[in-house]
Structure formats: structure tokens, C-alpha cells
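Peer 1: Fold the following, please.
(one chain, ligands or ions: 2)
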Amino acid sequence: MNRDWIATARTLAEALPYLQRFSNSLVVVKFGGNAMGDDDAMAEFARDMVLMRQVGVNPVVVHGGGPMINDMLKKLGIVSEWVRGKRVTDKATVEVVEMILSGLVNKRIVQAINDEGGRAVGISGKDDDLMVCVADDPELGFVGRPVEMNVQVIRDLCAAGIIPVIAPVATGMADNETFNVNGDTAAGAIAGALKADRLLLLTDVPGVKGKDGEVLTQITPEQVREMIADGTIAGGMIPKTETALAALDQGVRAVVILDGRLPNASLLELFTEHGAGSIIRSTAPRVTPTHPDE
Ligand SMILES: Nc1ncnc2c1ncn2[C@@H]1O[C@H](COP(=O)(O)OP(=O)(O)O)[C@@H](O)[C@H]1O
Ligand SMILES: CC(=O)N[C@@H](CCC(=O)OP(=O)(O)O)C(=O)O
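Peer 2: Ligands and ions are numbered 1, 2, ... in the order given. Below you'll find the model as predicted:
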């Protein structure tokens, strides 16, 4: 018999403890614009989500789309500035952000999941008032900081066997306000409100790198704070790791920062002994082990 098939069967058998561990769990997956890649990579991501759902995990997808927003702004001749990893967003920009995230990117992911035999429904933070925001910082314009989360709609979709796909665009406290929310911030707020078992942040680096450029497989919140303070964590990794810490504070069990360009990145993390990327969790002992090496 072809040895590959034997290996495939063994891989499935070895996944049993992980499948059992994550059965009925809720996993929020942040799919960053840089991790999205071409149609084949998108189809592969979609297959991973459908497989997770098939084995009893409830995946909740929160996506970004920064590069796609950049492309459209460029076509329209609108120039963006960035402050501490967030896009300064004026009225014209927030309209483009909503069109690209809630329209183009959201529906591309929904379509990809449906094409793989799953059931996906795309919403934004506006739907059912999922994510209500205030202005994050006057300097940033219409950039939102989530202050009120109404996650029942996500629970309802999951209970119906549907994979929610969420664009990080939100409503404000006043009528007709629209806010652009950083994708990582939105994913963290949603995972926190759901007290998710895992928050996976799929990006375009293999994980959080230490001083010598090595990928750190396990990090504590204390280490993250030290690495931000001494500049080892910089740029876009700052909002990402700060989001991770906030999500842990709200009761998310562990946050993993991993390379979304890696084939089957989410499956590798959840269902194999190897895991993937950098896992951030507190050092406090847990009652029930939830990670391969716990
Ligand atoms: N210590 C670090 N480890 C890994 N990446 C880091 C670190 N410090 C800064 N970075 C930068 O953070 C980037 C990831 O953030 P970002 O580009 O915002 O991701 P995304 O677009 O997927 O949300 C990496 O590409 C890398 O350049
Ligand atoms: C406030 C802010 O910066 N919003 C982001 C929203 C999209 C995003 O976060 O996309 P990635 O995950 O692909 O980076 C933006 O305008 O680009």
C-alpha cells in the first residue's frame, strides 16, 4: 500500500486527543489581509474552517483587509497616514473602508467557505449592534474603540451550524456613525466577549520573535510587556500583542500568533502535537489542559 495513505491514517488517529479537547470549543480566527494571499490560499483557509466546524469546533472568523483598502484608496487618489499601527481615518476613508471590508473582502471569504461545503454568513460589527464603538483617539478620526459588545448574534449563528465571518467595521453611540476598527482589536474584543477557548491571530510572520530573531513558541503576558518596553516587539506586532493581553484579561484561555501563509496553519496549531507560532497565556495553572503541551 502507498505509504502516504498509512501516514494520513496515522495523522488522523494521532489527532484524536486534540479533536476531543477542542470538541464544542469556540475558536476566534483573525485572518489578516497580509495572510490572505491568492485564491488557492483562500480556498485552503476556507477548508480549514469547514474542517474545524465538521469536527465540532465553532470557528468565528474576524478578518482584516488593510492591503485591499490601500489598493482602493490608491485608485481613488486618497493618501493614508498611520499612527501606532492604526490608519488615520477621515470621512472619505471610512466609506472606502466599509465598502472594501464589509463588501469585497467579507464576501470573498464567505464565498470561499461556502464553496468548500460550509455555511458562512458575513456580517460586520454593525449587525445586531455586535460591536459599538467610541472614537479611539481624536488624532485618528473615525477609528473605533469597542466599548459595548453584543455577541448573542454570534452564538445564534454558531448554534445554527453557521460560520460567522465578521468585518471590523462598527457602529457608534450616535446615529449614523461608522467606525473603522483595527482587525486585531476587533478580534480580541469579540474573543474576549465570547470568552473563547482560543484566539488565533493569523499574520505574515512565523510568530513573535525574540531579541535574536528566534520565534518564541511560548510567552507569558509579563514577557510580552517586557518585550514591548525594550523595543523587541515593534510596529504592527504592538497592537497584536496588546490585543492578546487584553483578550487574556477578559477570559480567553490562550492566544496564538501564527503564520497564516503556512499551509493548514490553524489545523497545525489546534490538532497536532507540534502546534504553530507563539502561544501567549498566563502561567497560572489550569484545571483542564487545553493545549498539547499543557
Ligand atoms: N518581535 C517581533 N516579532 C515578530 N514580528 C514583529 C516583531 N516586532 C515587529 N514585528 C513586525 O510586526 C509585523 C506584523 O504586524 P502587521 O504587519 O500589522 O500584521 P497583519 O497585517 O497580519 O495584522 C511583522 O511583519 C513584523 O514586521
Ligand atoms: C484602524 C485600522 O487601522 N483599521 C484597519 C482595518 C483593516 C485591518 O486591520 O486589516 P489587516 O488585519 O489586514 O491589517 C485598516 O484601516 O487597515
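
Peer 1: Point out where the protein drops to low pLDDT.
Peer 2: 1-3, 283-294 (pLDDT under 70).

Peer 1: what ranges do the helices span in it?
Peer 2: For the chain, applying DSSP state H gives helices covering 3-14, 16-22, 33-36, 39-54, 66-75, 91-98, 106-115, 152-159, 183-194, 221-229, 237-249, 265-271.

Peer 1: what packs against the last one?
Peer 2: Read that as helix 265-271. Applying 3 or more Cβ pairs under 8 Å, 6 or more residues apart in numbering; DSSP states H and E, one finds that helix 265-271 makes contact with helix 16-22, strand 26-31, helix 39-54, strand 198-203, strand 255-259. Every C-beta, even on glycine, is put in place using the N, C-alpha and C of the backbone.

Peer 1: For the stretch 51-200 of the chain, which residue gets nearest to ligand 2?
Peer 2: Ligand 2 sits closest to G64 of the stretch 51-200 of the chain, with a gap of 1.9 Å, by Cβ to the nearest ligand atom.

Peer 1: Now that residue. Nearest residue, chain neighbours left out?
Peer 2: G183 (3.2 Å; Cβ to Cβ, 6 or more residues apart in numbering).

Peer 1: That neighbour: neighbour count?
Peer 2: 26 (other Cβ atoms under 10 Å).

Peer 1: What parts of the chain come near ligand 2?
Peer 2: Counting by Cβ under 6 Å from any ligand atom, the chain comes close to ligand 2 at 32-34, 64-66, 69, 86-87, 97, 143, 168, 180, 182-183.

Peer 1: Residue of the stretch 1-150 of the chain nearest ligand 1, please.
Peer 2: G32 (3.0 Å).

Peer 1: Relative to A186, how far out is the nearest residue to that residue once chain neighbours are set aside?
Peer 2: Closest residue to G32 apart from its sequence neighbours, by Cβ to Cβ, 6+ apart: G64 at 4.4 Å. Going from G64 to A186 by Cβ to Cβ, to the nearest Å gives 9 Å.
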